[in-house]
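In: Fold the following and give me the result.
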Amino acid sequence: MKLTSITFTGIDEHTDLEHVEEISQCYPYVEWGVLLSYHHKENGNRYPDPHILDHLDTLNHVRLAAHICGGMAKDVVAAETKRMHEHLGYNFDMFKRCQINLNVSARYAEMRSMRPFDRCLDEVIMQMTNKEALRSWLRYTEKPLPHVSYLLDASGGRGINTPIDIFDDDPNIRVGYAGGMNPDNVGDKLRQLLDHRSYAEFWIDMESGVRDADDWLDLDKVEQVLKVCDPIIKEYKGKMLR
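Out: All right, here's what the predicted structure looks like:
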């Protein structure tokens, strides 16, 4: 399989953005997820105030993904994005990927209405609990949406170490993998994915595993992960990041 990025979710109000920029320059395949919600104050330290977007927009060579949650995600699926843009200050062009953290029971017809929203995006990501849920979704949709990828995450951002459950039904469907990854186990999980016979593209995503005791993003843990992963990536030269 072919790795396309390593995502660290989510940048918060205590994150040293200069350090983020330095890490991105050293490891250009790194992507940073930003958790966005109308109720960021109630949701905890992972959810920054929207003012942080003004600072993120000044960074150079930093790959950013919006991870939209709760009522904001429901608005996006329904193509009701006016409130979202007002809440975020109409500052969305910095994101090239957007993950919708929402139960996939939403109707396929509603998913198709996301098209006006994603004009500035390379990719929209839907979160799934496992590959069986993804298979059920794909049967329901009848054919894959070309602009949609899928994150398999049974943990749901809670840091629960779950086994890698590789989806290899269709190499044209890009899938990401999450679930309790941290500096101690990410090397084994990455090797398992890179060793798989499929030529499909994938990414990995970490959230709880790179946070400190107060639930702030810990850039030292991020660098520990990259010190483990970077030699593995270089070892698998035939399956390098694009």
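
In: can you map out the helices along the chain?
Out: Here the chain has its helices, by DSSP state H, at 17-26, 40-43, 52-56, 70-77, 82-88, 108-112, 131-141, 186-195, 219-235.

In: buried ones in the fifth one?
Out: For helix 82-88, a neighbour-count test (16 or more other C-beta atoms under 10 Å) marks 84, 88 as buried. For glycine as for every other residue, the C-beta is placed from the backbone atoms N, C-alpha and C.

In: what packs against it?
Out: Here helix 82-88 touches helix 70-77, going by 3 or more C-beta pairs under 8 Å, 6 or more residues apart in numbering; DSSP states H and E.

In: tell me how far the helix it packs on is from the chain's mean position?
Out: Here the centre of helix 70-77 is set off from its chain's centre by 16 Å, with C-alpha atoms, centre = their mean, to the nearest Å.

In: mind saving the C-alpha coords of that helix as PDB?
Out: The C-alpha coordinates for helix 70-77 follow below in PDB (Å, rounded to 0.1, in the frame of the first residue of the first chain):
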ATOM      1  CA  GLY A  70     -21.700  18.100  15.400                       C
ATOM      2  CA  GLY A  71     -24.200  20.600  14.100                       C
ATOM      3  CA  MET A  72     -21.600  22.100  11.700                       C
ATOM      4  CA  ALA A  73     -21.200  18.700  10.100                       C
ATOM      5  CA  LYS A  74     -24.900  18.400   9.700                       C
ATOM      6  CA  ASP A  75     -25.100  21.800   8.000                       C
ATOM      7  CA  VAL A  76     -22.300  20.800   5.600                       C
ATOM      8  CA  VAL A  77     -24.000  17.600   4.500                       C
END
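
In: What residues sit buried inside that helix?
Out: 70, 72, 73, 74, 75, 76, 77.

In: on that earlier part again, quick one: which of the helices of the chain is nearest residue 202?
Out: Smallest distance to residue 202 across the helices of the chain (C-beta to C-beta): 6.0 Å, for helix 186-195.

In: Adding distance to residue 225 and pLDDT as columns, could you present the buried residues of helix 70-77 in a markdown table?
Out: Below are the buried residues of helix 70-77 laid out as a markdown table (distance: C-beta to C-beta, whole Å; pLDDT from 0 to 100):
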| residue | distance to residue 225 | pLDDT |
| --- | --- | --- |
| 70 | 27 | 89 |
| 72 | 28 | 90 |
| 73 | 27 | 87 |
| 74 | 32 | 85 |
| 75 | 33 | 84 |
| 76 | 29 | 81 |
| 77 | 31 | 77 |
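
In: Go through those and say which is closest to residue 56.
Out: Out of those, the member with the shortest distance to residue 56 (by C-beta to C-beta) is residue 72, at 17.1 Å.
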